[in-house]
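> structure for this input, please:
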Amino acid sequence: RPNTNNYAATVATQAKFLDEIARQKVPQTSMNPEEVAMREEFRVKLEALGQKAFRDAYPESKSTLRFIPYGSILSGFAVTGSDMDIICSWDGPRPDLPPEEIPRMLEKVFLAEKIGARALTKTRVPILKICEEPPLELLTALTEEHEKWQNEVDAGDVSATTPTSPVEAGTEVKTPTEDQSKSGLNESKKADSESAHPSSNENKDKQEGQKSTFWRREKPSGPLDFPKTGAGYQCDISFRSILGMYNTQLLRCYNACDPRVHDMVIFIKAWAKQRKINNSYSGTLCSYGWVLLVLHYLMNVATPPVVPNLHHFGANDREFLVDGFNVSFADNETEIRRLAIQRKITRNTESTGSLLRGFFHYYAHQGSRVARGGFKWKDEVVAIKNVSGIVSKASKNWTGASNTMVNNVEVRQRYLLAIECPIEDNHNVARTVHHHGVVAIRDELRRAWSIIESVGQGRMPQVSLFDEVLAPEIVAP
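Here you go, the predicted structure:
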């Protein structure tokens, strides 16, 4: 390491470099109030159509269907173009109907209104995917798919209404063995070998992957997939648990703690999107997972912490159970904002750029020169509900891939990257991250750190932090 003065100056230059990027990217990427308002108009339209359809189908019911928004638009972490997340809830008792009844009924109604709708009922949590203005070809394909399902039901095909698939729709990607990976950096194979304890189940995953011919960071679109642009607003309607609403409020409260939280999250989400490592359907990490990685850094690695642990803020004996999970935390957003204005939340005065520098260093490398020794991908679980922010994979028995039954659906659980959901704490938010996904994520974190580290060292980066991956890499056997 160079002398202290030179090192401090280099760190300051690197932080300034990231601050300048953040000043451009965060305002460009954040969803503006007009976009939020237009999505809300679409939600209201969908809810009205759904309520009428339910009343017409079940006139004797005393319940009223509600579409309640949750997710990044409500938490304040939405980026421009983000989908809207909705939970189907009820005023009154939940109707005692087969699981597919409401999603399929709504699918039919929306398609009749020329709104794109695709029910995914053989998933961990059943969802109805919606797009406002589908191209005619897509609308036709979706309508034909619904009619095919209806014909199977009418013909008495049990498989049409029974969730038996072991694959969560769109998330299972076969993975070649480690020596077949060609993901770019020399450390890739080491990265994967450190990602989780070896197990027979994980080896089975790799053996099954030999049947595949390639993997892409971004899956090619299929005939029923919604286009990324030109189809109006898109949203996912969930039909099972309201736990997502508690997740949203938790993130909203963390957002209220300090403006740097918002800027950090938007920066990292935008970066991950450009580098195509933010898609659980392709085996990388969902946006929610990236948010939790940011919060862990700000809460448990940055010194002093930027945000408190809201599960232990003010009181340690809260308990409010929903679906068997303790969903309690310090959720008085108004009080949190008041304390933040009075500067009683944190003593940390680092710039956003300085915090971003630390974030990339922490997740990219390990060793004595990294805060807390860096994140131990092989052994550790990010668990922001825990006082330390970290628990071991062994303590949660998250040491080997396995199949489990969730909502009567067999789901593949992977732990190559382990991030505990702070509300549904038996759920690994990163469970869809497979071998090539975790290698790609670690490669990108190291790439980012390499760019940052070069600043102030007498050499300019030859590539940009936000270069888009235009040709997603292919890994072939």
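> what ranges do the strands span in the protein?
64-70, 84-91, 116-120, 127-131, 234-238, 321-322, 325-326, 380-382, 390-392, 402-406, 409-413 (DSSP state E).
> wait, which of those strands is closest to E424?
Ranking these by proximity to E424 (Cβ to Cβ) places strand 325-326 first, at 5.6 Å. C-beta coordinates here come from the backbone N, C-alpha and C atoms, glycine included.
> so what touches that closest one?
243, 318-320, 423-425 (Cβ atoms under 8 Å, 6 or more residues apart in numbering).
> top of those by number of neighbours, please.
I423 (24 neighbours; other Cβ atoms under 10 Å).
> wait, it sits on T248?
No - using Cβ atoms under 8 Å, I423 makes no contact with T248, being 9.6 Å away.
> show me the domain layout of this structure.
For the chain, automatic domain parsing gives the domain ranges 4-29+243-454, 33-160.
> just those: most buried one?
Compared across the domains of the chain, domain 4-29+243-454 shows the largest average neighbour count, a mean of 19 (mean count of other Cβ atoms under 10 Å).
> distance between the ends of that one?
18 Å (Cα to Cα, to the nearest Å).
> equivalent analysis for stretch 294-309, please.
13 Å.
> mind listing residues that contact it?
Counting by Cβ under 8 Å, 6+ apart, residues outside stretch 294-309 touching it are 251, 254, 257-258, 260-261, 264-265, 268, 330, 345-348, 350, 355, 358-359, 362-363, 371-372, 382, 384-385, 387-390.
> rewinding a little: so which of the strands of the chain is nearest W149?
Nearest of the strands of the chain (Cβ to Cβ): strand 116-120, 8.0 Å.
> that closest one pairs with which strands, and in what direction?
strand 127-131 (antiparallel) (DSSP bridges).
> now the strand it pairs with: mean pLDDT?
Strand 127-131 shows a mean pLDDT of 96.
> that strand versus strand 84-91: what angle between them?
Angle, strand 127-131 to strand 84-91, by axes from the mean of the first three to the mean of the last three Cα atoms, to 10 degrees: 130 degrees.
> just the CA trace of strand 127-131, in CSV.
The C-alpha coordinates for strand 127-131 follow below in CSV (Å, rounded to 0.1, in the frame of the first residue of the first chain):
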residue,chain,number,x,y,z
ILE,A,127,-48.9,-14.5,-10.6
LEU,A,128,-50.8,-12.9,-13.5
LYS,A,129,-48.5,-11.0,-15.8
ILE,A,130,-50.1,-7.9,-17.4
CYS,A,131,-49.1,-5.6,-20.2
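> roughly how far is that strand from the heart of the chain?
Chain-centre distance of strand 127-131: 17 Å, with Cα atoms, centre = their mean, to the nearest Å.
> and the closest residue to E100 other than its chain neighbours, how far is that from K129?
Residue nearest to E100 in three dimensions, not counting chain neighbours: T121, with 5.0 Å by Cβ to Cβ, 6 or more residues apart in numbering. Using Cβ to Cβ, to the nearest Å, one obtains 11 Å as the distance from T121 to K129.
> what sits against G81?
31, 229.
> next one: the one 5 residues further on
By Cβ under 8 Å, 6+ apart, I86 lies in contact with 43, 46, 67-70, 235-238.
> would you format those as JSON lines with pLDDT included?
Formatted as JSON lines, the contacts of I86 follow (pLDDT from 0 to 100):
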{"residue": "R43", "pLDDT": "98"}
{"residue": "L46", "pLDDT": "98"}
{"residue": "F67", "pLDDT": "97"}
{"residue": "I68", "pLDDT": "96"}
{"residue": "P69", "pLDDT": "96"}
{"residue": "Y70", "pLDDT": "95"}
{"residue": "C235", "pLDDT": "96"}
{"residue": "D236", "pLDDT": "96"}
{"residue": "I237", "pLDDT": "97"}
{"residue": "S238", "pLDDT": "94"}
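> which phi and psi does R414 have?
phi -120, psi 150 (degrees, to the nearest 10).
> what separates the residue nearest to it when sequence neighbours are not counted from Y288, distance-wise?
The shortest distance from R414 to any non-neighbouring residue, by Cβ to Cβ, 6+ apart, is to A401 (4.8 Å). For A401, the distance to Y288 equals 21 Å [Cβ to Cβ].
> again, but for T13
Taking Cβ to Cβ, one finds T13 at 33 Å from Y288.
> what does V109 give?
In terms of Cβ to Cβ, V109 sits 29 Å off from Y288.
> going along the chain, name the helices of this protein.
In the chain, the helices defined using DSSP state H lie at 4-29, 33-57, 72-75, 101-112, 136-154, 188-193, 200-209, 243-257, 259-274, 287-296, 333-341, 352-364, 435-454.
> okay, these in CSV with distance to P304 next?
Formatted as CSV, those follow (distance: least, Cβ to Cβ, whole Å):
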stretch, distance to P304
helix 4-29, 17
helix 33-57, 33
helix 72-75, 24
helix 101-112, 47
helix 136-154, 51
helix 188-193, 31
helix 200-209, 38
helix 243-257, 13
helix 259-274, 13
helix 287-296, 15
helix 333-341, 15
helix 352-364, 12
helix 435-454, 22
